[in-house]
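[1] My questions are about this predicted structure, shown below with the sequence.
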Amino acid sequence: VQLQASGGGLVQAGGSLRLSCAASGSIFSINVMGWYRQAPGKQRELVATIRSDSSTNYADSVKGRFAISRDNAKNMVYLQMNSLKPEDTAVYYCKAGGVYGLGYSGDYWGQGTQVTVSS
C-alpha cells in the first residue's frame, strides 16, 4: 500500500487549505483513515480520523475549524482546514489503519505534506 498526500502549502492566518491523500494498491478495505501532524521539535499528534462508517474524531485544537472526509470507493481521505492559525504549521501525514489487501494487512503512513501558516 502506498499513500500519497497532497495539498499543503503556505497560507496566511485565517485562510484555508484542503489536503488529500490517496491510498493505492490491491486494497479490499480500510478501517480508519486519518491525519496526523508533527511540528518542529514536537511529537507527532492526531489531527482527525474517520472510520469506514464515517464516524469521526478530532483533536480539541482543530474542532470546529477542520473537517475530515473520505471516499471509500477511491480509497481517499481529505482534510478541509479553515481558519488556519500559525500554530497549525506542521508536516501533515495521512495514515490508513486496519488495511486489508491482497496478501497484506496493517497500518500505513504517507510521506507527509508541509503546511505553513504565516501570521
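    Thanks, I have it. Numbering: from 1, shown residues only.

[2] What's the first helix or strand after whichever helix or strand A23 is part of?
    Here A23, judged by DSSP states H and E, is contained in strand 17-24. For strand 17-24, the following helix or strand on the C-terminal side (DSSP H and E) is strand 27-38.

[3] Give me the contact list for the helix or strand following that next one.
    Counting by DSSP H and E, the element after strand 27-38 in chain order, helix or strand, is strand 45-51. Residues from elsewhere that reach strand 45-51 (C-beta atoms under 8 Å, 6 or more residues apart in numbering): 31-38, 56-59, 62, 66, 68-70, 77, 79, 92, 97. Glycine gets a C-beta too; all of them are placed from N, C-alpha and C.

[4] which secondary structure elements does the lowest-mean-pLDDT helix or strand in the chain contact?
    Of all helical and strand segments in the chain, the minimum by mean pLDDT, DSSP states H and E falls on strand 104-109, at a mean of 91. On a contact count with 3 or more C-beta pairs under 8 Å, 6 or more residues apart in numbering; DSSP states H and E, strand 104-109 meets strand 2-6, strand 90-101.
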